[in-house]
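Trainee: turn this into a model:
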Amino acid sequence: MINSYAGLDDAGVAIVAARAGADVVHNMYGRRLTRIDKGAGDFATAADVEAEKAILGVIRAARPDDAVLGEEGGQQGASDAVRQWLVDPLCGTLNYAVGNMLVAVNVALRDGAAAVADPFSGEVFFTDGETARVRRHGADAGLTPTPATQLVDVNLDPPFPGAPGFRAVDLLAHPGFVERFRPRVVSTTLALAWVAAGKRAAYVTDGGDLSGSVHFAAGIALCRAAGCVVTGIDGAPIGQAGRGLVVAADADTHGLLMSMIRSGCRNRT
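Mentor: Now for the predicted structure:
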């Protein structure tokens, strides 16, 4: 049997895998789905599980020696493997479960290619690790970040590891924020893809080291390749020493947000 994926480069694998997952998510939309409780109000659905199976099928066929970390299936292969794929088969499960289409499918090779697929628009945002593009209707176009929309997505989902020093919700009440920006809450990696594509000016979330997260790795890779400014909420490079994420279309927007974050932190210390 001929392996149709054998000739794909890593970006091609990420695109095909993300699309395979997105097809499952799209096809199962609107059904009464079994929920799998994860505790603390979090859960997966049968769509999460089936989408991850579809993604893994592509990766295994294309890159059988690579390790995979999936949100639903956990670690497969050596955790210290040189090549590891990070998979979030349905980012925005809470949205999806109530009939909201703001969801994404994330596939990223650690420190390499990545893809974020929108199951309902059909768009796939992707990077080979150097350039960032979007594929829609069979054609590819480059991504150009811009702060023109003045829309900033702020992740308000718990937990809140930065509290009380930093809480994302407090940023929305900052006088400077409401003068310059308008908040949005998408609660999915689409928000990061939209910063890279110029549909959002910035994105802010609390958290720990998100660089290796199945939820964020693909979006981070995409934004970096597009030329966005990507740091932690303390302004430092993301990584083991950093926490959270601030992604902005340009340096001025990033600087304004960091100033508001820092002034808010000072006011609570």
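Trainee: which SS state does residue 68 fall under?
Mentor: The local conformation at residue 68, judged by DSSP: H, G, I helix; E, B strand; the rest coil, is strand.
Trainee: what's near enough to touch it?
Mentor: Applying C-beta atoms under 8 Å, 6 or more residues apart in numbering, we find residue 68 in contact with 56, 59, 75-77, 84-87. The way it works is simple: take the backbone N, C-alpha and C, and place the C-beta from them, glycine included.
Trainee: OK, contacts around the nearest residue to residue 190 once chain neighbours are set aside?
Mentor: Distances taken as C-beta to C-beta, 6 or more residues apart in numbering place residue 104 nearest to residue 190, at 4.7 Å, with adjacent residues excluded. By C-beta under 8 Å, 6+ apart, the contact set of residue 104 is 88, 91-92, 116-119, 188-190, 193.
Trainee: for residue 96, same thing?
Mentor: Each residue near residue 96 by C-beta under 8 Å, 6+ apart is listed here: 25, 29, 45, 47, 90, 103.
Trainee: can you count the residues close to the second one?
Mentor: When you say that, I think you mean residue 29. The tally of other residues near residue 29 (other C-beta atoms under 10 Å) stands at 15.
Trainee: isn't it right next to residue 100, touching?
Mentor: No - under the criterion of C-beta atoms under 8 Å, residue 29 is not in contact with residue 100, lying 10.2 Å apart.
Trainee: moving C-terminal of the longest helix seen in the chain, what's the next helix or strand?
Mentor: For the chain, the longest helix by residue count, based on DSSP state H, is helix 10-28. Remark: after helix 10-28, the chain's next helix or strand is strand 35-39, criterion DSSP states H and E.
Trainee: in the stretch 101-250 of the chain, which spans are helices?
Mentor: 168-172, 175-180, 190-197, 217-226 (DSSP state H, counting those that start in this stretch).
Trainee: ok, residue 170 to residue 27 distance?
Mentor: 40 Å (C-beta to C-beta, to the nearest Å).
Trainee: of those two, who's got more company?
Mentor: Set side by side, residue 170 and residue 27 show more neighbours around residue 170, with 18 against 13, by other C-beta under 10 Å.
Trainee: tell me the pLDDT of that one.
Mentor: Turning to residue 170, the model gives it a pLDDT of 87.
Trainee: related to what we said a few turns ago, mean pLDDT lowest for which of the helices of the stretch 101-250 of the chain?
Mentor: helix 168-172 (a mean of 88).
Trainee: surely residue 47 is in a strand?
Mentor: No - under the criterion used here (three-state DSSP), residue 47 is helix, not part of a strand.
Trainee: give me the nearest residue to it, chain neighbours excluded.
Mentor: residue 28 (4.3 Å).
Trainee: contact partners for that neighbour?
Mentor: Contacts of residue 28 (C-beta under 8 Å, 6+ apart): 46-47, 50.
Trainee: what about residue 159, how many neighbours?
Mentor: Neighbours around residue 159, by other C-beta under 10 Å: 10.
Trainee: how close does it sit to residue 168?
Mentor: In terms of C-beta to C-beta, residue 159 sits 12 Å off from residue 168.
Trainee: what does the pLDDT read for the residue nearest in space to the middle of the chain?
Mentor: Residue closest to the average C-alpha location in the chain (C-alpha atoms, centre = their mean): residue 189, at 3.2 Å. pLDDT recorded at residue 189 is 94.
Trainee: in this structure, which strand is the longest?
Mentor: Looking across the chain with DSSP state E, the single longest strand is strand 84-91.
Trainee: residue 210 against residue 246, yeah?
Mentor: No - using C-beta under 8 Å, residue 210 is not in contact with residue 246, being 10.9 Å away.
Trainee: looking at those two, which is more packed in?
Mentor: residue 246 (23 against 20).
Trainee: okay then, goodbye and thanks.
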